[in-house]
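Undergrad: Give the three-dimensional model of this entry:
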Amino acid sequence: MTTLIAGITGGIGHAMAAQLLADDHDAHLIGLARSASGNEELAELAARYPHRMTLLDADVANPEGLKQALQQLPKELKITRVIYAIGLLHDAAMTPEKRLADIDIQSMAHSYQVNTLGFLSLVQGLVPWLRHREAKTIVALSAKVGSLSDNRFGGWYAYRCSKAALNMAVRNLAIEAQRGLRPSTVIALHPGTTATPLSAPYQQSLAKLKVHTPQETARNLWVVIHSLTETQNGCFLNWDGSELPW
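TA: Below you'll find the predicted structure:
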């Protein structure tokens, strides 16, 4: 079984990769990130599991570069699982907006490029390796704050809107995949609040929440992923397997 994890240098992506390789001795892993091949932790992981990891350097916000990176994959390869573990909440140039006046159009467009369009670009590029008769699972790590009906506090325009758009992309893909990529299960999955660089600036707010380590989150997510059935195709699930409102 071949699994591709996009965002493998992130806290959740790396933890999911490490657990998969440790638990499934037959698993082959493709790790994709902007600088996957230069990451020391990934180099150590690859050394621990020789011949079971392939690292690809690609920026999902650069569709042409992503396409070129994927061309390195063997044509006969069958990918059975895709995990999109890439998410942008803040960076050096942007912070979550608290009000309408804080919105910056370029920052918002960048959020869509990473959180929504990157997922679609990745799956689009992977279609030649997904077009086989084995069961396929495609998982986009979304966020509960992308739920329209669960939004009670407002703010975080770029992140909320781009994750809501990701959820719609998942729903659309889930419908189309039943025609062109059967058998397949496509879901949006909320990982829960996790202690990663994405959440690091918000420690005061996080004190009121249940915060998981990346390793705990990885275990939770794999339990959900391993238990998926085709009846859950197109669902928005929480880290504990319960269904979330759109």
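Undergrad: what about the strands in the protein?
TA: 2-6, 28-33, 53-57, 81-84, 136-141, 184-189, 236-237 (DSSP state E).
Undergrad: Kindly state the pLDDT recorded for residue 211?
TA: Confidence at residue 211, expressed as pLDDT, is 87.
Undergrad: Let me know whether it touches residue 191 as I believe.
TA: No - with contacts counted by Cβ atoms under 8 Å, residue 211 stays clear of residue 191, the gap being 11.5 Å. Heads up, the C-betas are built off the backbone N, CA and C, glycines and all.
Undergrad: wait, what's in contact with residue 100?
TA: Contact analysis of residue 100 by Cβ atoms under 8 Å, 6 or more residues apart in numbering lists residue 157.
Undergrad: Please report the distance of it from residue 151.
TA: In this view, residue 100 and residue 151 are 15 Å apart by Cβ to Cβ, to the nearest Å.
Undergrad: Next: residue 12.
TA: Residue 12 is 23 Å from residue 151, by Cβ to Cβ.
Undergrad: give the contact list for residue 59.
TA: 34, 65-66.
Undergrad: tell me which residues in stretch 219-230 are buried?
TA: 219-222, 224-225, 228 (16 or more other Cβ atoms under 10 Å).
Undergrad: pLDDT weak spots in the protein?
TA: 197-209 (pLDDT under 70).
Undergrad: Can you list the residue ranges for helices in it?
TA: 11-23, 40-48, 63-70, 105-112, 118-130, 157-180, 203-206, 214-226 (DSSP state H).
Undergrad: quick one, which of the ones you listed is nearest to residue 137?
TA: Of all the helices of the chain, helix 214-226 sits nearest to residue 137, with 6.4 Å by Cβ to Cβ.
Undergrad: Nearest to residue 118 among the buried residues of stretch 219-230?
TA: Among the buried residues of stretch 219-230, and counting by Cβ to Cβ, the member closest to residue 118 is residue 221, at 18.8 Å.
Undergrad: quick one: that closest one from residue 175, how far?
TA: From residue 221 to residue 175 the distance is 23 Å (Cβ to Cβ).
Undergrad: Just the terminal-to-terminal distance for stretch 75-92.
TA: 38 Å (Cα to Cα, to the nearest Å).
Undergrad: If we go by neighbour counts, what in that stretch is buried?
TA: Within stretch 75-92, the residues scored as buried using 16+ other Cβ under 10 Å are 79-90.
Undergrad: cool, stretch 18-25 as well?
TA: By neighbour count on 16+ other Cβ under 10 Å, the buried set for stretch 18-25 is 18-21.
Undergrad: Quick check: phi and psi on the closest residue in space to residue 129 that isn't next to it in sequence?
TA: In this structure, residue 129 finds its nearest non-sequential neighbour in residue 79, 4.4 Å apart by Cβ to Cβ, 6 or more residues apart in numbering. Phi and psi for residue 79, reported as degrees, to the nearest 10, are phi -90, psi 130.
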